[in-house]
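*Asks:* Here's a sequence, model it:
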Amino acid sequence: MSSHSSHTPDTDKLDELVAEADTGKRAPKGRIAIALLFFLPLCWSLFQLWIGSPLPSQFGFGFINDTQSRALHLAFAVSLAFLAFPAFSNSPSHRIPWLDYALAVVGAFCASYLFLFNDALATRPGLPTTMDLLVACVGLMLTLEAARRSLGPPLMIVAIVFLLYVFFGDASWLPEILRWKGASIEKAMTHMWLTTEGVFGIALGVSSGFVFLFVLFGALLNQAGAGNYFIQVAFALLGHMRGGPAKAAVLSSAMTGLISGSSIANVVTTGTFTIPLMKKVGFSPEKAGAVEVSSSVNGVIMPPVMGAVAFLMVEYVGISYIEVVKHAFLPATISYIALLYIVHLEALKADMRGLPRSTPARTWQMALLRSGIILSSTMILAGALYYLVSAIKWVLGDWSSIGLLLLIVVGYFSLLYISAKSKDLNMSDTDGEIMKLPVFADIYRAGLYYLVPLVLLIWFLMVERKSPGLSAFWACMLMAFILVTQKPLKAFFRGQSNLTGQLKQGVWDLIEGLNTGARNMIGIGVATATAGVIVGTVTLTGVGQVMAEFIELLSGGVLIIMLLMVALISLILGMGLPTTANYIVVSSLMAGVVVELGAQSGLIVPLIAVHMFVFYFGIMADVTPPVGLASFAAAAVSGGDPIKTGFTAFFYSMRTALLPFLFIFNTDLLLIDVTWWEGIVVFVVSLAAMLVFAAATQGYFFARSKLWESALLLLVAFTLFRPGFWLDQVIPPYQQYQGAELMSYIDQHPQMENVRLSVEGENLDGRWIERMVDLPLTTSGDATERLFDGAGLELRNEDNRVYIDQLAFGGIAEQRKLDFDWEITGFEIENQRPAKEWFFIPAFLLVLWIIRRQKKRLTD
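*Replies:* Next up, the predicted model:
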């Protein structure tokens with residue numbers, strides 16, 4: 001962003017850092033090269049808007065299927081990777097070598113092969129020609145090279161290791177547990193390139209269908225000035241508090257994280273403004289950088305976009321987008337509030353002050369009243385908007401789309417008119433002395449109209465339940481209209497005369513936004529394609545099962561050791577990978593491991609909780625040395641030591657690392673099977689637990705904590721997060737029964753709605769499986785009918801032992817991967833126990849006692 005130009009002496013270095021990570025550092029001077037790097041991204045954005053729009057299906061023109069759109073999406077990404085990213089650090093950045101032109105053309109041809117020869121390939125499935133195999137081999141190599149250029153070596157190396165496993169998985173030098181039969185070139189290349197199992201799989205489909213439009217929306221919103229607006233609002237709200245700039249950094253990163261999928265871009269965008277101000281109020285360079293890193297990485301776990309992972313989860317977990325957002329919202333919010341609290345504790349420890357106010361300080365009662373008025377006003381406005389839209393639909397019927405369009409335009413014009421009365425926002429110069437903070441009442445009006453596209457996007461996603469792709473398309477179209485019109489309309493409302501010049505500037509802003517959005521997608525497009533190699537390897541070789549056996553062997557079947565190992569492997573696999581590729585890799589390899597080994601230990605975990613577990617640890621790699629890319633970016637801004645910044649950021653991020661374990665043991669945190677009032681209780685208690693945990697790890701609560709006080713606070717945090725642990729020690733959660741008693745027990749309890757079965761048996765691969773499954777029952781009929789109607793399971797009794805006799809095709813039992821002739825060794829029935837929440841009482845009493853002791857120490 002050009003508005004940062006005066007903030008740090010190393011702006012060029014920072015711009016280069018972002019370019020290396022996101023848009024490509026090559027800035028050629030030749031006309032042909034400039035034109036290519038201008039028009040290709042522009043064409044890519046226009047192509048994605050076309051296929052994302054409802055127009056092709058309405059007009060019957062320009063309609064292409066998913067496989068073809070994925071092929072063209074990758075063709076743009078690969079060709080731009082060769083044109084925009086130099087091969088090596090010493091390669092020319094002011095011109096494009098002829099070899100790169102050639103690689104871009106060949107790469108684009110190989111990637112678009114499925115588009116160009118779609119009909120011919122459909123006539124010979126599984127029978128590739130020599131040309132097919134040649135294109136697949138060359139295309140795969142060029143995709144790996146494009147990944148190396150745009151993302152660095154880590155993802156390419158991981159993909160190559162998996163490819164080697166495909167071809168040499170039967171080698172005698174491999175441990176027997178890791179071996180498989182191996183594959184020929186023909187089989188492997190067909191699987192990886194000519195079908196939708198590998199490179200052109202779900203991940204690239206999500207990148208093409210959803211992710212591009214969301215990244216484009218973020219780029220257009222940023223081009224319009226929304227990123228700057230969010231930062232200024234955060235400073236106006238929080239800058240006066242203790243350690244205010246750090247708190248503002250957390251809040252602004254949360255808001256910019258909503259529209260950005262890159263933690264590195266978050267760090268540099270907000271960090272060039274926030275880090276120097278944090279240093280001014282007393283933070284060391286390393287701590288200032290660490291706060292920015294922690295808050296920027298958290299932006300990736302914040303719905304609705306989650307660094308594009310939300311859309312991948314929809315496909316991989318098989319639940320709706322609304323469900324993904326619901327499950328992810330609470331932990332992300334708690335994590336952000338806890339980071340604000342950590343910053344507050346750091347400020348208290350160092351006795352820091354905030355930046356000077358522009359207005360007199362209010363009493364806490366007035367501040368609370370004002371916050372209540374703003375919150376209630378927002379809720380009233382949201383309710384009024386909902387009923388207004390409903391009324392328009394009811395009155396206008398088939399013509400309601402025109403009425404809604406007029407409502408959006410009128411809303412935009414009205415808010416823009418209000419904004420035009422305020423001055424345009426410019427970043428303050430952080431090198432100079434800041435005399436006063438901006439006044440929130442002045443700041444918030446200046447960008448109110450930015451809320452219109454955000455409200456439209458959320459409305460389509462949450463209320464209308466439109467697809468993410470269509471929602472993002474309409475949001476992008478509105479942003480395009482705003483970019484073109486905001487400057488001339490502001491000039492008109494202010495009575496200025498240069499309307500034509502402002503309109504031209506608006507059109508140019510739109511073109512730049514379209515260009516930037518596409519260039520931001522180069523790395524993501526290539527990453528999802530390369531990650532498809534890993535997914536393809538998993539489906540071709542069954543290596544996921546091998547990983548489960550390997551971890552089970554090393555952990556000795558101990559659940560907590562298994563989870564720690566999965567967390568560590570996810571962290572290692574995520575090093576140096578962009579968020580989307582990171583999630584694809586860790587979920588493909590690790591999610592199944594947690595499900596299977598958890599079931600063997602009697603822990604039945606919802607699939608979304610498992611995916612959130614591996615995703616959280618995957619993104620921690622952006623923080624953790626030695627490859628913490630976000631930490632290096634923050635250190636470049638702060639002038640601090642990158643390794644020390646990374647370790648400090650990891651220490652701050654421990655609260656984020658704690659959350660995934662809670663997903664597994666306490667799924668209430670993901671709002672799974674809880675009512676709305678239970679959700680409120682879960683939020684309050686979990687937030688209290690996280691704040692207590694932060695206080696324990698920081699060694700400061702109301703005063704500096706003694707070691708035993710920190711230990712007690714950790715105990716309290718554990719109790720609030722997992723009250724069921726203590727209850728389990730007193731009364732077991734389940735009563736155990738023998739498998740032979742199952743049918744008679746079900747007959748005696750007609751109201752039972754589900755049963756937990758312990759099963760064991762040999763699978764098709766000859767492996768002995770032991771696991772726990774939770775199966776539903778119907779409430780009518782005898783035990784045999786209730787099991788078959790509810791779970792699709794039919795049993796037989798032999799020598800007082802119970803075996804699976806039949807599985808209904810597509811039934812719940814088959815979906816849970818049960819098999820014929822497996823034995824039902826036992827079953828568990830939930831015990832009637834007092835509520836686990838009773839343990840909250842002693843935990844809160846203990847906190848109050850520690851607070852009293854610390855406050856007494858302060859006054860003595």
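
*Asks:* List the contacts of stretch 734-748.
*Replies:* Identification of contacts with stretch 734-748 by CB atoms under 8 Å, 6 or more residues apart in numbering yields 752, 755-758, 777, 782-784, 786-787, 795, 797, 800-802, 823-831. For every residue, glycine as well, the C-beta is placed using N, CA and C.

*Asks:* Filter the residues you listed down to the ones in strands?
*Replies:* Assignment to strands by DSSP state E places the following of the contacts of stretch 734-748 there: 755-758, 795, 797, 801-802, 823-830.

*Asks:* nearest to Tyr113, of those residues?
*Replies:* Leu757 (48.3 Å; CB to CB).

*Asks:* Next, count neighbours for the closest one.
*Replies:* When neighbours are counted by other CB atoms under 10 Å, Leu757 registers 26.

*Asks:* Backbone dihedrals for Leu793, both of them.
*Replies:* Dihedral angles of Leu793 (phi, psi; degrees, to the nearest 10) stand at phi -130, psi 130.

*Asks:* That one and Ala808 touch, don't they?
*Replies:* Yes: counting by CB atoms under 8 Å, Leu793 does reach Ala808; the two are 7.5 Å apart.

*Asks:* more neighbours, the two?
*Replies:* Neighbour tally, Leu793 and Ala808, criterion other CB under 10 Å: the higher count belongs to Leu793, 26 against 14.

*Asks:* List the residues that contact the more buried one.
*Replies:* Counting by CB under 8 Å, 6+ apart, the residues that Leu793 touches are 775, 787, 804, 806-808, 811-813, 818.

*Asks:* again, only using 6 Å
*Replies:* 787, 813 (CB atoms under 6 Å, 6 or more residues apart in numbering).

*Asks:* For it, give its distance to Phe702.
*Replies:* Look at Leu793 and Phe702: by CB to CB, to the nearest Å, they are 56 Å apart.

*Asks:* Which pLDDT value goes with the residue nearest to Val455 when sequence neighbours are not counted?
*Replies:* Sequence neighbours aside, Leu385 is the residue nearest to Val455 in space, at 7.7 Å (criterion: CB to CB, 6 or more residues apart in numbering). Listed pLDDT for Leu385 reads 87.

*Asks:* Ok, Gln698 next?
*Replies:* pLDDT for Gln698: 88.

*Asks:* Go ahead and confirm it touches Leu345.
*Replies:* Yes: between Gln698 and Leu345 there is a contact under CB atoms under 6 Å: 4.6 Å.

*Asks:* Among the two, which residue is more densely surrounded?
*Replies:* Remark: of Gln698 and Leu345, Gln698 carries more neighbours, 22 against 19, as counted by other CB under 10 Å.

*Asks:* who's in contact with that one?
*Replies:* Taking CB under 6 Å, 6+ apart, one finds Leu345 in contact with Gln698.

*Asks:* repeat that with 10 Å
*Replies:* Residues near Gln698 by CB atoms under 10 Å, 6 or more residues apart in numbering: 341-342, 344-346, 348-349, 651-652, 654, 704-705, 710, 713.

*Asks:* just checking, which of those belong to helices?
*Replies:* If you go by DSSP state H, the contacts of Gln698 have 341-342, 344-346, 348-349, 651-652, 654, 710, 713 in helices.

*Asks:* Farthest pair within the residues you listed?
*Replies:* Among the ones in helices among the contacts of Gln698, Leu348 and Met654 lie farthest apart (CB to CB), at 18.7 Å.

*Asks:* ok, now how distant is Leu140 from Val199?
*Replies:* Leu140 sits 7 Å away from Val199, going by CB to CB.

*Asks:* got any residues that touch both of the two?
*Replies:* In contact with both Leu140 and Val199: 159, 192-193, 529-530, 533, using CB under 10 Å, 6+ apart.

*Asks:* Strands along the chain, start to end?
*Replies:* Counting by DSSP E, the chain has these strands, from start to end: 734-738, 754-762, 768-776, 793-798, 801-807, 823-830.

*Asks:* Which one, of these, ends up nearest to Thr270?
*Replies:* Short answer: strand 768-776, nearest of the strands of the chain by CB to CB, at 44.2 Å.

*Asks:* Return the alpha-carbon coordinates of that closest one using CSV.
*Replies:* This file holds the C-alpha atoms of strand 768-776, laid out as CSV (Å, rounded to 0.1, in the frame of the first residue of the first chain):
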residue,chain,number,x,y,z
TRP,A,768,-6.7,-56.1,12.6
ILE,A,769,-8.9,-53.2,13.5
GLU,A,770,-10.2,-52.3,17.0
ARG,A,771,-12.5,-49.3,17.4
MET,A,772,-15.4,-47.7,19.1
VAL,A,773,-18.4,-46.4,17.0
ASP,A,774,-21.5,-44.5,18.0
LEU,A,775,-24.6,-45.8,16.1
PRO,A,776,-28.2,-44.4,16.0
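
*Asks:* neighbouring strands for that strand, and are they parallel or not?
*Replies:* Strand 768-776 has its sheet partners listed here by DSSP bridges as strand 754-762 (antiparallel).

*Asks:* Convert the C-alpha atoms of the partner strand to CSV, please.
*Replies:* Provided in CSV are the C-alpha atoms of strand 754-762 (Å, rounded to 0.1, in the frame of the first residue of the first chain):
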residue,chain,number,x,y,z
ASN,A,754,-28.0,-44.5,20.1
VAL,A,755,-25.5,-47.1,21.3
ARG,A,756,-21.6,-47.1,21.5
LEU,A,757,-20.2,-50.4,20.2
SER,A,758,-16.7,-51.8,20.7
VAL,A,759,-15.9,-53.7,17.4
GLU,A,760,-12.9,-55.6,16.2
GLY,A,761,-12.0,-57.6,13.1
GLU,A,762,-9.9,-57.9,10.0
